[in-house]
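Peer 1: Got a sequence here, can you build the structure:
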Amino acid sequence: QGDPLTEATPVPGKQELPGWHDAVAGYYRNMEATGRALMRSVARGLHLEETVFDDAFAQGISTLRLLHYPVRTPESFLGATEQTHVMHDGREYYLLARAHVDSGFVTLLAQDGVAGLQAEARDGSWLTVPPIEGTLAVNFGKLLARWTGGRIQATLHRVIGDNQQRYSVPFFYEPSVDTVIAPLPMADSEPFEPVTYGDHLWEATTKFVEQKGIAHLRPARGIDRVAL
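Peer 2: Numbers count the residues shown, from 1 in each chain. Coordinates of the predicted model:
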């Protein structure tokens, strides 16, 4: 039986959107290169060999998403059972994506010109991440926090909006599903039990509201079957 984490992604046919495949594949490769450079910079910052993570990402399952946040109306929230609005700087906004941390290593996010992404500061306040043309917003993920024993913290973030539609393109930089996430040779990091990235990812993502109820479709694989 295959692994749902490595299934092929349905995409439009080449005749339906001429040029789309080449454009998206090229962007994906560029984001992989950017993620690799950032990953090595993180390793150097932790006083580790800069290639310490390289093997894990050689057959990675990084994810590229093309997101559209449509204009919301009060009617679109009818029947909602969770929080739909927040106050920020004295104004009420729609809550388009609840506060969360991403599951992977790092996220590289391209935004359009519409603000909405916010990150939590140390004091618990929310800071707007301005969309600046030609730049990427970088969120540290839950995997990076786990792998470094808490030395690096995941970025808690959310998305708010008013009456404008918004587009964003997040690239989630991720290792292979069989990568064993084990403590790194660093002082002052919290110890933890090794786990495969696939098990880590499935446990984390099936807690999101859009994937609730499917956790049973992929039982934990464990590290015993992985060649260390």
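
Peer 1: For this structure, which segments count as strands?
Peer 2: Taking DSSP state E, the strands of the chain run over residues 63-64, 67-69, 85-88, 91-100, 106-111, 117-120, 126-128, 137-140, 157-161, 166-173, 180-181, 195-196.

Peer 1: Relative to residue 210, which of the ones you listed is closest?
Peer 2: strand 91-100 (10.6 Å; CB to CB). Just so you know, the C-beta spots here come from the backbone N, C-alpha and C atoms, and that holds for glycine as well.

Peer 1: how about that closest one: buried residues?
Peer 2: Buried residues in strand 91-100, counted by 16 or more other CB atoms under 10 Å: 93-97, 100.

Peer 1: Nearest to residue 4, out of those: which one, please.
Peer 2: Distance ranking of the buried residues of strand 91-100 against residue 4, using CB to CB, places residue 100 first at 20.8 Å.

Peer 1: distance of the closest one from residue 6?
Peer 2: Separation of residue 100 from residue 6 (CB to CB, to the nearest Å): 23 Å.

Peer 1: Kindly report the same for residue 23.
Peer 2: Residue 23 sits 24 Å away from residue 6, going by CB to CB.

Peer 1: Give me the below-cutoff pLDDT ranges for the protein.
Peer 2: 1, 224-228 (pLDDT under 70).

Peer 1: Now with 50, please.
Peer 2: 227-228 (pLDDT under 50).

Peer 1: Report whether the expected contact of residue 192 with residue 149 is present.
Peer 2: Yes. Applying CB atoms under 8 Å, one finds residue 192 in contact with residue 149, separated by 6.5 Å.
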